[in-house]
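Peer 1: Let me see the structure of the following:
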Amino acid sequence: MRGLRMTVAAAWMVSAGCSALREVPRAQYAAKEERRRVAVDTREGQHYEFDYARFGSDTLLGYRRRDSEGAFEEYESIPIPLEGVAKLSARRVDWYRTGLIGGGALAAVVGVALAKHAGSGGGSSKPPCPEEPCP
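Peer 2: Numbering: from 1, shown residues only. From the prediction side, this is the model:
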């Protein structure tokens, strides 16, 4: 049962991962029809952060959640011509940082387990000899 909990915790850590905004090259803007967690800087100097964005042949349509009361989520949509985009960044998992954090956590767990094992007598089941020399 303990091993299962450790495995689930490790899988959760890796799946959450560290994410970072990475710039998308202009040639790949419309490579995906929709991107999540997008930041856009326009040529006019405006900065937008969208929950998701859809890409057409010449327009980016960004959606971001509005703060509203009620049971329904409301989204505001903002169209931006692709010609007016100076920089487009999308949030993605940074596997290098995720590996460093996951490796550090794994090393800590192994260190605690080894310390616990060493503190319990090294796992030897033989009692110490009361007399010298021991057979």
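Peer 1: mind showing which ranges of this structure have poor pLDDT?
Peer 2: Scanning the chain for pLDDT under 70 picks out 10-19, 93-95, 97-98, 101, 120-135.
Peer 1: where do the helices sit along it?
Peer 2: Under the criterion DSSP state H, helices of the chain are mapped to 2-16, 95-119.
Peer 1: got the domain boundaries for this protein?
Peer 2: 1-18+94-119, 21-93 (automatic domain parsing).
Peer 1: Determine how far the last residue of the first one lies from the first.
Peer 2: Between the opening and closing residues of domain 1-18+94-119 we find a distance of 23 Å, counting by Cα to Cα, to the nearest Å.
Peer 1: now the strands for the chain?
Peer 2: 19-23, 34-42, 47-55, 59-66, 74-81, 85-93 (DSSP state E).
Peer 1: Going by neighbour count, list what's buried in the shortest one.
Peer 2: Right, the one you point to is strand 19-23. For strand 19-23, the neighbour count (16 or more other Cβ atoms under 10 Å) marks no residue as buried. Placement of C-beta: from N, CA and C, glycine included.
Peer 1: For that strand, enumerate the helices and strands it packs against.
Peer 2: In terms of contacts (3 or more Cβ pairs under 8 Å, 6 or more residues apart in numbering; DSSP states H and E), strand 19-23 is packed against strand 85-93.
Peer 1: So for the strand it packs on, what gets flagged as buried?
Peer 2: Neighbour count says strand 85-93 has 85, 88-90 buried, by 16+ other Cβ under 10 Å.
Peer 1: I'd like the residues you listed as a markdown table, with distance to Glu33 appended.
Peer 2: Output for these, formatted as a markdown table (distance: Cβ to Cβ, whole Å):
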| residue | distance to Glu33 |
| --- | --- |
| Val85 | 16 |
| Leu88 | 14 |
| Ser89 | 18 |
| Ala90 | 13 |
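Peer 1: Quick check: which of the domains of the chain is buried the most?
Peer 2: Comparing the domains of the chain by mean neighbour count (mean count of other Cβ atoms under 10 Å), domain 21-93 ranks first with a mean of 13.
Peer 1: Out of the buried residues of strand 85-93, which is nearest to Glu23?
Peer 2: Of all those, Glu23 sits closest to Ser89, with 5.0 Å by Cβ to Cβ.
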